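Student: Mind looking at a prediction? Sequence and model below.
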Amino acid sequence: MKKIITILGTRPEITKLSPLLPLLDKEFEHIIIHTGQHYSFNMDKIFFHELGIREPDYRLDIGSGTHAEQTGKMMIEIEKILLKENPNAVLVFADPNTPLAGALAASKLNIYLVHLEAGCRSFNKKMPEEINRILIDHCSDLLLAPDKKAYNNLLKEGLPKERIKIVGSTAIEASLRNRELARNSNILKELNLQSGKYILCTIHRAENTDDLNILRNILCSLNEIAKSIQIVFPMHPRTKKAILNDNSPINKKIKIIEPQGYLNFLKLLDNSLFVMSDSGGIQEEAAALNVPCLILRNETEWTYLTDAKKNMLIGTEPRKIIETVKYLLSDRKQIDAMKKVNLKLDKEVSRHILCELKNELKQ
């Protein structure tokens, strides 16, 4: 039996890989390394418990730090494990520092490298995630792309056609798979919320939290919007730290809560009027649950959703954010139109991935 090591470290990696990990356990000698890039209970361990995923074989507990510190520490520890385990392949996912560290460590040791969610591009190299994606893709032996646009991006960068396979998005599959589990959550009752009567908001990306002018602009927008409708704001640790350090004012009508477990968050998302977020994962989760998503960024990797008018790119300027939201609240026909956009949602993405892996590793 061939040995595969999956390297993960953040909430999006855990949730999006949740349908695939059990299949890898069945078909391969499968080892999971958790770097600990997300390391609090609500940002990490609760997801394994809620989704019925087994515990990782290795926990590195790297924690926070600068990009260089975090990536360097991960590479050192991952290399030790790869040398010890000698796998046939390493699987990394998406764009945080964790897959970058895994990709660099594996490629330096000439271990067959698989990148899941390959080829996604925002075309903004100021975003650390964009640099990570490009580097990982160009290190990888097998590129598993979510869609045709990602596939074409890889071809344009000169990567060989035979190394690229379109398999779909595990984020869509995971959201649909776990929606039923989330129905048992009592989070709406606990927060005294009514379905369809609130906006959900998340902010966590470095380009929004580390630039105080951008963060202030977004908060200013939320403060104005909260005069018209309830906003529920699960606050990421990075965002919380930036807001506290800046002593930024927040409208008391904004319900700030701790980061939620995956099932609680899915319940909040599923019952929101719409979501405002800078998260790539939430853009797809919202689409899977048929919840309109307003993207608090100037570009997105998931252009197939904005091209289809399922999601809307609104940037970070207060005027545009406020005008867009007020327009949606005053004329619900636009919200209905976004909901009516029909997407072909694939519920078998993990099986497609498994087939590609077995074929490439000849198992």
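Tutor: That came in fine, so what should we check first? Numbers count the residues shown, from 1 in each chain.

Student: any idea how far the closest residue to Arg54 other than its chain neighbours is from Ser350?
Tutor: Leaving aside its sequence neighbours, Arg54 sits nearest to Asp25 (C-beta to C-beta, 6 or more residues apart in numbering; 7.1 Å). Placement of C-beta: from N, CA and C, glycine included. Look at Asp25 and Ser350: by C-beta to C-beta, to the nearest Å, they are 12 Å apart.

Student: Ile4 pairs with what?
Tutor: Bridge pairing for Ile4 (DSSP bridges) gives the partners His30, Ala89.

Student: any idea which helix or strand comes after the helix or strand hosting Glu224?
Tutor: Assigned by DSSP states H and E, Glu224 belongs to helix 212-225. Note on helix 212-225: by DSSP H and E, the next helix or strand toward the C-terminus is strand 230-234.

Student: elements contacting that following strand?
Tutor: strand 198-202, helix 212-225, strand 254-257, helix 262-270 (3 or more C-beta pairs under 8 Å, 6 or more residues apart in numbering; DSSP states H and E).

Student: residue ranges with poor pLDDT in the protein?
Tutor: Low-confidence segments of the chain, defined by pLDDT under 70, span residues 39-43, 363.

Student: Point me to the residue sitting closest to the centre of it.
Tutor: Gly281 (3.1 Å; C-alpha atoms, centre = their mean).

Student: my read: it touches Thr170, true?
Tutor: No. Between Gly281 and Thr170 there is no contact under C-beta atoms under 8 Å: 10.2 Å.

Student: before we move on, the earlier item: for the helix holding Glu224, the distance to its chain's centre please.
Tutor: 23 Å (C-alpha atoms, centre = their mean, to the nearest Å).

Student: Likewise for stretch 195-215?
Tutor: That offset, for stretch 195-215, works out to 15 Å (C-alpha atoms, centre = their mean).

Student: gap between the two ends of it?
Tutor: 28 Å (C-alpha to C-alpha, to the nearest Å).

Student: Please point out which parts of it sit buried.
Tutor: Buried residues in stretch 195-215, counted by 16 or more other C-beta atoms under 10 Å: 198-205, 207-209, 214-215.

Student: next one: stretch 255-264
Tutor: 255, 259-264.

Student: ok, now how distant is Glu317 from Arg297?
Tutor: 12 Å.

Student: One more: Gly281?
Tutor: 13 Å.

Student: Same check on Leu8?
Tutor: For Leu8 relative to Arg297 (C-beta to C-beta), the value is 24 Å.

Student: Comparing those two, which shows the higher neighbour count?
Tutor: More neighbours surround Leu8 than the other of Leu8 and Arg297, with 28 against 22 (other C-beta atoms under 10 Å).

Student: Helices along the stretch 251-363 of the chain, start to end?
Tutor: Ranges of helices in the stretch 251-363 of the chain, per DSSP state H, counting those that start in this stretch, are 262-270, 280-289, 303-307, 318-330, 333-340, 349-360.

Student: Now render the ones you listed as a markdown table, adding distance to Leu60.
Tutor: Formatted as a markdown table, the helices of the stretch 251-363 of the chain follow (distance: least, C-beta to C-beta, whole Å):
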| stretch | distance to Leu60 |
| --- | --- |
| helix 262-270 | 21 |
| helix 280-289 | 22 |
| helix 303-307 | 33 |
| helix 318-330 | 38 |
| helix 333-340 | 41 |
| helix 349-360 | 24 |
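
Student: which one of those lies closest to Leu100?
Tutor: For these, the distance to Leu100 is smallest for helix 280-289, at 15.5 Å, taking C-beta to C-beta.

Student: Pull that closest one out as CSV, backbone CA atoms only.
Tutor: Below are the C-alpha coordinates for helix 280-289, written out as CSV (Å, rounded to 0.1, in the frame of the first residue of the first chain):
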residue,chain,number,x,y,z
GLY,A,280,-11.9,32.6,-0.1
GLY,A,281,-13.5,29.5,1.5
ILE,A,282,-16.6,31.4,2.6
GLN,A,283,-17.2,32.5,-1.0
GLU,A,284,-17.6,28.9,-2.0
GLU,A,285,-19.4,27.8,1.2
ALA,A,286,-22.0,30.6,0.7
ALA,A,287,-22.5,29.5,-2.9
ALA,A,288,-23.0,25.9,-1.9
LEU,A,289,-25.6,27.0,0.7
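
Student: can you offset everything so residue one is 26?
Tutor: Taking 26 as the first residue, the last one we looked at is helix 305-314.

Student: Show me what that helix is packed against.
Tutor: helix 36-42, helix 195-207, helix 287-295, strand 299-302, strand 318-320, helix 328-332, strand 336-338.

Student: Out of the helices of the stretch 276-388 of the chain, flag the one nearest Leu141.
Tutor: helix 374-385 (6.7 Å).

Student: got the CA positions of that closest one in PDB?
Tutor: Coordinates of the C-alpha atoms in helix 374-385 are reproduced here as PDB (Å, rounded to 0.1, in the frame of the first residue of the first chain):
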ATOM      1  CA  VAL A 374     -15.100  15.700  -5.700                       C
ATOM      2  CA  SER A 375     -13.200  13.700  -3.200                       C
ATOM      3  CA  ARG A 376     -13.700  10.500  -5.200                       C
ATOM      4  CA  HIS A 377     -12.400  12.300  -8.300                       C
ATOM      5  CA  ILE A 378      -9.300  13.200  -6.300                       C
ATOM      6  CA  LEU A 379      -8.900   9.700  -5.100                       C
ATOM      7  CA  CYS A 380      -9.100   8.300  -8.600                       C
ATOM      8  CA  GLU A 381      -6.400  10.700  -9.800                       C
ATOM      9  CA  LEU A 382      -4.100   9.800  -6.900                       C
ATOM     10  CA  LYS A 383      -4.500   6.100  -7.400                       C
ATOM     11  CA  ASN A 384      -3.900   6.400 -11.100                       C
ATOM     12  CA  GLU A 385      -0.800   8.600 -10.700                       C
END
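
Student: Sweet, I'm off.
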